[in-house]
Every structure is written in C-alpha cells, then in structure tokens.
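**Q** have a look; sequence and predicted model below, questions after that.
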Amino acid sequence: MDTAAHAVTGLTFRDATDSDVETLVALIESAYRGDSSRAGWTTEADILQGQRTDPEGVRAVIKASDSRLLTVERDAEVVACCQLEHRGDHAYFGMFAVSPLLQGAGLGKVIITEAERQARSVWGATQMHMTVISVREDLIAWYERRGYRRTGRMTPFPYGDERFGIPQRDDLRFELLVKELDGA
C-alpha cells in the first residue's frame with residue numbers, strides 16, 4: 001500500500017484514558033521538541049527547548065469536564081492526538097500532535113476535519129479557536145489553508161514558566177486563529 005494513503009486510512013478516533021498519558025506525552029514531545037521532532041515539519045526545537053507538556057497537563061485535559069483529548073490510532077498504535085475544549089459557542093483546538101515520521105502525508109488534514117466535525121456535532125460549536133506561536137509562519141499558513149484566519153489578537157508567551165518550554169528568543173507570543181464551522 002502507498003505509504004501516504006496508508007497514513008490516512010484505517011484510523012480510529014477515541015477519547016484518551018489515564019492509561020494513554022505516557023504514550024501521549026511522548027508523542028507530543030516527539031512532534032515538537034528535541035532532535036526527534038526534526039523528522040517532521042512541526043518542530044519548535046529552534047525556538048523552544050525543554051518540555052512541551054507533562055503527564056499532569058495531559059491528565060488534566062483528559063479529566064476536565066468540558067474537554068476531550070482525541071486520540072488517533074492506526075494499526076493499534078497511537079499516531080496523533082488533539083485537544084477539544086467546549087467554550088460556549090466555540091470549541092478550542094489544542095495539543096495537536098502527529099507522529100513526526102507520519103507528518104506530510106495528509107494525516108493532519110483528516111484529524112482536524114474530524115475534530116471540527118465532532119465539535120459541531122457534540123457541542124454545537126459554531127467556531128473553532130486555537131492559539132499558535134506567532135513566529136510559526138509555516139504552521140499558521142497550514143491552518144490558513146484549512147480555513148482558519150488570523151485575528152491579530154495576541155497573548156503573551158509564559159516566559160519563566162518552564163512547563164511550557166525554555167524560549168530561545170524574546171519575541172514569542174500566541175496569536176488567536178479562528179474558523180467558522182459550517183453546518184453548526
């Protein structure tokens with residue numbers, strides 16, 4: 001089977017459980033930090049060192065009443081995840097990670113489409129919100145191709161809080177991206 005086609009077929013979506021915490025932390029770290037993240041295109045290794053998340057952060061998302069950590073499996077292996085959080089008329093999309101070795105094969109498009117579908121059908125969300133580090137132009141462009149728009153609304157990066165990483169530059173901040181969800 002074509003590797004790219006296989007990357008987007010045979011996917012199973014389910015809510016994460018406590019038994020997934022270690023696997024999900026490892027997946028998220030591998031997609032964004034350290035040398036392993038350089039195998040994919042979503043790496044933040046040049047702008048942030050240290051951790052991206054920790055078991056407590058992942059467990060908090062799993063346990064929160066208005067939140068889901070959607071876990072994506074293929075061939076019984078966790079290959080991706082994303083957070084969905086219900087916030088009134090909109091949903092928040094975060095903690096998105098795809099295994100670095102599978103990035104670029106269309107898996108991310110399938111996952112974000114399913115996340116949007118679930119936000120509409122489960123919560124009746126009319127918009128999806130997310131925040132992206134504003135210097136991540138390649139990542140923001142990817143989201144724009146998926147229908148997200150830049151709002152120009154910025155929030156500060158939590159400098160000094162190593163739970164979010166160790167910044168390698170002094171101009172980091174988060175920009176809010178928003179997408180209208182059709183059919184809500």
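**A** On my side now, so go ahead.
**Q** okay, CA-based contacts and neighbour counts for the rest of this
**A** Noted.
**Q** need the longest helix for this structure.
**A** Scanning the chain for the helix with the most residues, using DSSP state H, yields helix 107-123.
**Q** buried residues in that one?
**A** Buried positions in helix 107-123, judged by neighbour count with 16 or more other Cα atoms under 10 Å: L107, G108, K109, I111, I112, A115, E116, R117, Q118, A119, R120, W123.
**Q** the third one and V178: what is the separation?
**A** So the one you mean is K109. K109 sits 16 Å away from V178, taking Cα to Cα, to the nearest Å as the criterion.
**Q** and stretch 13-30, C-alpha only, in PDB?
**A** Taking Å, rounded to 0.1, in the frame of the first residue of the first chain, the C-alpha atoms of stretch 13-30 are listed here in PDB:
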ATOM      1  CA  PHE A  13     -10.600   8.100  16.900                       C
ATOM      2  CA  ARG A  14     -11.300   7.700  20.600                       C
ATOM      3  CA  ASP A  15     -11.100   9.700  23.900                       C
ATOM      4  CA  ALA A  16      -7.900   9.300  25.800                       C
ATOM      5  CA  THR A  17      -7.800   7.500  29.100                       C
ATOM      6  CA  ASP A  18      -5.400   7.600  32.000                       C
ATOM      7  CA  SER A  19      -3.600   4.600  30.500                       C
ATOM      8  CA  ASP A  20      -2.700   6.700  27.500                       C
ATOM      9  CA  VAL A  21      -0.900   9.500  29.400                       C
ATOM     10  CA  GLU A  22       2.700   8.300  29.000                       C
ATOM     11  CA  THR A  23       2.200   7.500  25.300                       C
ATOM     12  CA  LEU A  24       0.600  10.900  24.600                       C
ATOM     13  CA  VAL A  25       3.300  12.900  26.400                       C
ATOM     14  CA  ALA A  26       5.900  11.000  24.400                       C
ATOM     15  CA  LEU A  27       4.000  11.700  21.100                       C
ATOM     16  CA  ILE A  28       3.500  15.400  21.800                       C
ATOM     17  CA  GLU A  29       7.200  15.800  22.900                       C
ATOM     18  CA  SER A  30       8.400  14.000  19.800                       C
END
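**Q** mind listing what's buried along it?
**A** Buried residues in stretch 13-30, counted by 16+ other Cα under 10 Å: F13, A16, D20, V21, L24, V25, L27, I28, E29, S30.
**Q** quick one: the last one is in a strand?
**A** No: going by DSSP: H, G, I helix; E, B strand; the rest coil, the assignment for S30 is helix, not a strand.
**Q** spatially nearest residue to the spatially most central residue of the chain (excluding sequence neighbours)?
**A** The centroid of the chain falls nearest to F96 when counting by Cα atoms, centre = their mean (1.2 Å). Among residues not flanking F96 along the chain, C82 sits closest, at 4.1 Å (Cα to Cα, 6 or more residues apart in numbering).
**Q** need the pLDDT of that neighbour.
**A** The score at C82 is 98. That number is its pLDDT.
**Q** distance of it relative to A16?
**A** 10 Å.
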